[in-house]
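J.: how would this look folded up:
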Amino acid sequence: MDAKNIRLFGRLADGKAVYGITLDNGEISCEVITFGAALRTLLVPNRDGKALDVVLGYDNLEQYLTEDGYLGATVGRVANRIAGAQFRLNGQKYILPRNDNQNHLHGGLCGFSHRVWEIEKVTDSSVLLSLMSPDGDEGYPGTMKATAEYTLRGKSLVIRYIASSDKDTLCSFTNHSYFNLDGHNSGCAMEQKVKLFARSFTPSNAESIPLGTVTPVEGTVMDFREMLPIHTHIAEPDLQLLQARGYDHNFMLDGAFGTLHPAAIAKSERSGIVMQVETTLPGIHFYTANYLNDGRKGKDGCAYGPRHGFCLETHYPPDAIHHANFPSPVLKAGETYAHETVFTFLGTK
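T.: Here you go, the predicted model:
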């Protein structure tokens, strides 16, 4: 790899190279690594024009290999959980690895988040990565080709996923970045504010599996229709919060599925950074890093811990294959899965 913005990030035990690709358009910059097609850094200006890195990540490949949490990763074939680690499609039962209690989480034991993606094309401000997933991979039917494209456009980071399969299968990707708009090394992010463009959410059980109902947020601790500090209700004795140790819930977005629509706005009063999220997907999973262990070593030697960031994962609802009232994650043979999410950074004075 001889492009000036590509570096060797590390090597797997078998010697396979993992690269880091730096993108910079003069307004914002980031680094994407080929392991997990993960967003490792994202630098955006604060109110004083100083660049802050607003995503959690690691400085070495070993941590991406061994630590849990999926920091910055592209998650697939199916993001989030599938109950019982099994599903039926076209009359056939498929058994998946159980890696979250009795359930299947984030694509399995070695999902897309733990594969080395290939660099297809790179420019100063964009990179296109690809991955081939064989028939039967982690239990899923069909040979799938997937691409993940990161593009800087003005003060926006655009993430676009495209996939196709030669058999009917399931498909629901997401980017699993943990955001902290005061900087990745600034500690607890719960003073930051969030607004979700969602009038309803999907309550879940103690294993974070949706109950199958779609419930209005009005009058509940899930109501983020107006901008609120994340901590506002997080310590309340609400069953949904107690089960998940905080927010770890899917919200059904108000906008039209398949067209780019508002999903969320996040804001830090301290840094002045405002992040606007738009997506073509039907749901957004709001997660407050409840399970990041204290003292985990992050970039630049800093320590991460619970609630040091928050995730805004756009995807199909969790366990959608088992709920006919949820948008279907089935990708038909020969059809194309094509979705994008746009993160735009707007400074405030």
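
J.: Run through the helices of the protein in chain order.
T.: 61-66, 239-244 (DSSP state H).

J.: I figured Gln86 hits Lys93, correct?
T.: Yes - counting by C-beta atoms under 8 Å, Gln86 touches Lys93, with 6.2 Å between them. (Each C-beta comes from the backbone N, C-alpha and C, glycine too.)

J.: would you turn the helices of the chain into a markdown table with distance to Glu226 and mean pLDDT?
T.: Shown next, in a markdown table, are the helices of the chain (distance: least, C-beta to C-beta, whole Å; pLDDT from 0 to 100):
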| stretch | distance to Glu226 | mean pLDDT |
| --- | --- | --- |
| helix 61-66 | 37 | 97 |
| helix 239-244 | 19 | 98 |
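
J.: of the ones you listed, which approaches Arg296 most closely?
T.: helix 61-66 (8.5 Å; C-beta to C-beta).

J.: Please put the alpha-carbon coordinates of stretch 168-180 into PDB.
T.: Output of stretch 168-180 as PDB, limited to C-alpha atoms (Å, rounded to 0.1, in the frame of the first residue of the first chain):
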ATOM      1  CA  ASP A 168     -31.900 -15.100   0.800                       C
ATOM      2  CA  THR A 169     -30.200 -14.100   4.100                       C
ATOM      3  CA  LEU A 170     -30.300 -11.600   6.900                       C
ATOM      4  CA  CYS A 171     -28.500  -8.200   6.700                       C
ATOM      5  CA  SER A 172     -28.400  -5.300   9.100                       C
ATOM      6  CA  PHE A 173     -25.100  -3.400   9.500                       C
ATOM      7  CA  THR A 174     -24.200  -0.600  11.800                       C
ATOM      8  CA  ASN A 175     -21.200   1.500  12.900                       C
ATOM      9  CA  HIS A 176     -20.500   1.000  16.600                       C
ATOM     10  CA  SER A 177     -18.700   4.200  17.500                       C
ATOM     11  CA  TYR A 178     -18.700   5.500  21.000                       C
ATOM     12  CA  PHE A 179     -19.000   9.300  20.900                       C
ATOM     13  CA  ASN A 180     -17.700  11.800  23.500                       C
END
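
J.: So what's the gap between that stretch and the chain middle?
T.: Between the centre of stretch 168-180 and the centre of its chain there are 5 Å (C-alpha atoms, centre = their mean, to the nearest Å).

J.: before we move on, the earlier item: between Gln86 and Lys93, which one's more packed in?
T.: Set Gln86 next to Lys93 and count neighbours by other C-beta atoms under 10 Å: Gln86 wins out with 17 against 8.

J.: any idea how far that one is from Ile33?
T.: 32 Å (C-beta to C-beta, to the nearest Å).

J.: How many neighbouring residues does the residue lying closest to Gln92 once chain neighbours are set aside have?
T.: Sequence neighbours aside, Pro141 is the residue nearest to Gln92 in space, at 7.8 Å (criterion: C-beta to C-beta, 6 or more residues apart in numbering). By the measure other C-beta under 10 Å, the count of residues near Pro141 is 19.

J.: Contacts only, for Pro141.
T.: Leu89, Gln92, Tyr94, Asp135, Ser165, Lys167, Asp168, Thr169 (C-beta atoms under 8 Å, 6 or more residues apart in numbering).

J.: Strands - which of the residues you listed land there?
T.: Leu89, Gln92, Tyr94, Ser165, Thr169 (DSSP state E).

J.: Provide a ChimeraX selection command restricted to the buried entries of those.
T.: To isolate the buried ones among these in ChimeraX, judged by 16 or more other C-beta atoms under 10 Å, type:
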select :89,94,165,169
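
J.: just the ones in strands among the contacts of Pro141 now: which is nearest Ala206?
T.: For the ones in strands among the contacts of Pro141, the residue nearest Ala206 by C-beta to C-beta is Tyr94; the value is 24.9 Å.

J.: ok, now which ones touch the closest one?
T.: Applying C-beta under 8 Å, 6+ apart, the residues near Tyr94 are Gln86, Phe87, Arg88, Gly139, Tyr140, Pro141.

J.: Nearest to Phe257, out of those: which one, please.
T.: Phe87 (20.9 Å).

J.: what separates that closest one from His261, distance-wise?
T.: Separation of Phe87 from His261 (C-beta to C-beta) stands at 28 Å.

J.: So if I had to pick from those two, which one is more boxed in?
T.: Neighbour comparison, Phe87 and His261: the larger count goes to Phe87, with 23 against 16 (by other C-beta under 10 Å).
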